[in-house]
Every structure is written in C-alpha cells, then in structure tokens.
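Trainee: Quick one, fold the following:
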Amino acid sequence: MSPAALDRRAIRPYLALIRAPFLLFTLLVVSVPAAAAIEAGAFDPANTALALGSVLFGHVAVNVLNLVSDYRTGIDEATEETPYSGGNDVLTSGAVTYRRALAFGVGSLLLSGLFVVPLALQFGRVVPFFYAIGAVLVVGYTDVFARVGLGEFACGLGLTFLPTVMVGYVQTGTLTERLLYLSVPMFLVGFNLLLLNEFPDVEADRPNGRVNVPIVFGRRRAGQLYVALVGATVASVLYPIAVGALPATVAIAVLPVALLVPVFRGINSGTDPEITDDELGAHILWTQATIATLGAGMLLAAWL
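Mentor: A predicted model of the protein is given here:
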C-alpha cells in the first residue's frame, strides 16, 4: 500500500471525528458579516482570517466534544445515523479512542482561543468576552444546554449569531446597525437548523436525558414552531429592508423558502410526523442557501 493511501486511512477517522463536511457551514456564516463589511467599505482581511480561525476551531471542538459525550452516555449506540443528523461510529468502532478524541476536542477549543489573542490586543476586552461565551457554549452544549431545553437556543447563539457579531465587530471595533439586523435571521436559521435535525433522534435522546422541543412538545408542535420560525426569518429579512436598515438586494434571502415545500408537507403529514432524509436534505439546503444569499445580497449592494 502506498504512503499516500496509508495517510488517507490514518486521516479518515479524524475527518469523521470533526465531521469535516459540516465545517463548510462555518465559511458560509463568516461570509455574511464579511460581506456586510465589504458593503460598508470597512473589510479587514487579516482580522477576518483570525476570526474565521477562531470560529472554525470552535466548531471543530463542539463537533468532537458532542461525539465524545454521546459515546460516554451511550446515545451513539442507540442513534440511527442519517446524512444530516445522529452521530457516527468513529468512536464506537474504535477507529479513534475516547481519550484521544477528548484531547482533540479540548485542543481544538484552546487553538480557537489562540486566534483571539491578537484580536484582543487590538480591540480589548470585548473580543475575549465573545470568546468566553462561545467557549461556554462549546463545553456546555451537549451535557448542559441540550439537557435543560436550551440546545436549540445554544445552537442559534453559538453557531450563527455569535460568529456574525464577532466577525463583524473585528472589522472596525463597532457593532453596526446593519450587523445587528443581519444577526437576527442568522440566529433564527441556527435555531431551526438544530430543531428539525432533532426529529430523527427523539427515541434515542429521550431515555438518555436530552430535553429539547420535539421531546417536550412532540414532533407535531415542534414542526409548527419550525414553520413559524421560518416565517419569522422571512420577516426579519424584509422588515429592515422596509425601514431602510438593509439594502433591498438582501431580499433574495427570502427565495430559498421555496425549498421547504416538501418539509412543510412532511411536518403536516400526521400527529407524530417523521422527517425523511430527503426532507432533511431540503431543510439543510434552505439553511445554507438562506445564509449564502444574505451574504450575496450585501455583496450585490456593494457592487450596484
């Protein structure tokens, strides 16, 4: 076997551990405040790269520590993996040991903090404050927030809202009105991202101590909340356009709602709706497309 093939075999378990394909989501999220900075004529490439590094390794840390916790509590063995939800077998198969995965997750969080240091030296205590909130969300997501009914909130705050605010802040050291308006749909998209992804795991999560919207209220009402939050996301895009706080080009972020037609159909399919892989795929595509078009709308405004 060639050295290259051996390298691929050695690396593959770690790519599964960090859930590498999902890390592209971080690039999409960071693109929104970066585009807003470009539109405002205040884009700082170096600070954006540092903030991206911090957010990216924070995302790696939460992915790994979530798998570590699920392995320790036995949820991974009871969860049916889908392309978009559930765990994976990288720990249960022994491809990566528990101790090594734990060290990898903690190391990723510490590395995330190193990217913050030069930004803290430049902007002061606000940046470490952002990082501290993010670190609490990373460490506490699986074993605390997901067990007290705050998992969806933590996801919206840590995965989309906080990176939007942090990356935007390190452009000039201020929180602009446009940045704050953009952070609202970003939070709602992040909240809804986890909400629907929890549907397939209800049976595995409930006996293992998880407390989330589908478990507490049932999938039917959770689905109704999902639809309501999609509507709120549309409103959070259109309202600032109507009052002149965001450029009209951002309205293209409403268009991806059309992708959710099969999801809405599935949610209304019964008193305890099951969500298919195809419907989850449409949901993920809506999430990514909404974020991408928010950024594209800001870039269009800069160009026109």
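Trainee: Counting neighbours, which bits of the helix or strand hosting residue 295 end up buried?
Mentor: Using DSSP states H and E, the element containing residue 295 is helix 277-303. Neighbour counts over helix 277-303 (16 or more other C-beta atoms under 10 Å) mark 279-284, 286-302 as buried. Where you see a C-beta, it was placed from the backbone N, CA and C, and this is true even at glycine.
Trainee: go on, stretch 142-150?
Mentor: 142, 145-147, 150.
Trainee: quick one: average pLDDT of that stretch?
Mentor: Averaging pLDDT along stretch 142-150 gives 90.
Trainee: which other residues reach that stretch?
Mentor: Contact with stretch 142-150 is made by 65-66, 69-70, 137, 151, 153-154, 209-213, 216, as judged by C-beta atoms under 8 Å, 6 or more residues apart in numbering.
Trainee: Which of the residues you listed are buried? Put it as a PyMOL command.
Mentor: Selection command for PyMOL covering only the buried members of those, criterion 16+ other C-beta under 10 Å:
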select buried, resi 65+66+69+70+137+151+153+154+210+212+213
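Trainee: now, which of the contacts of stretch 142-150 sits nearest residue 100?
Mentor: Nearest to residue 100, judged by C-beta to C-beta, of the contacts of stretch 142-150 is residue 65 at 13.1 Å.
Trainee: For the closest one, give me the pLDDT.
Mentor: 92.
Trainee: Now do stretch 253-272: distance to the chain's middle.
Mentor: 20 Å (C-alpha atoms, centre = their mean, to the nearest Å).
Trainee: got it, and stretch 163-174?
Mentor: Once both centres are worked out by C-alpha atoms, centre = their mean, stretch 163-174 turns out to sit 18 Å from its chain's centre.
Trainee: Quick check: mean pLDDT of that stretch?
Mentor: When pLDDT is averaged over stretch 163-174, the result is 95.
Trainee: which other residues reach that stretch?
Mentor: Residues outside stretch 163-174 that contact it (C-beta under 8 Å, 6+ apart) are 26, 29-30, 32-34, 36-37, 40, 42-44, 47-48, 50-52, 54-55, 119, 122-123, 126-127, 130-131, 134, 175-176, 179-180, 182-183, 186.
Trainee: do the same with stretch 237-249
Mentor: 39, 177-178, 181-182, 185, 250-251, 253-254, 294, 297-298, 300-301, 304.
Trainee: Stretch 10-19 too?
Mentor: With contacts defined as C-beta under 8 Å, 6+ apart, stretch 10-19 is touched by 60, 63-64, 67, 88, 90-91, 95-96, 101, 104, 108.
Trainee: Equivalent analysis for stretch 281-296, please.
Mentor: Here stretch 281-296 makes contact (C-beta under 8 Å, 6+ apart) with 25, 28-29, 31-32, 34-35, 83-84, 160, 182, 185-186, 189, 192-193, 196-197, 233, 237, 250, 252-253, 255-257, 259-263, 275.
Trainee: Separate out the buried members of those.
Mentor: Buried by 16+ other C-beta under 10 Å: 25, 28-29, 31-32, 34-35, 84, 160, 182, 185-186, 189, 192-193, 196-197, 233, 237, 250, 252-253, 256-257, 259-260, 263, 275, out of the contacts of stretch 281-296.
Trainee: May I ask which helix or strand encompasses residue 54?
Mentor: Judged by DSSP H and E, residue 54 forms part of helix 45-73.
Trainee: same for that helix, what does it pack against?
Mentor: Judged by 3 or more C-beta pairs under 8 Å, 6 or more residues apart in numbering; DSSP states H and E, the packing partners of helix 45-73 are helix 3-17, helix 24-40, helix 75-78, helix 98-123, helix 126-140, helix 162-172.
Trainee: Right, I'll leave it there.
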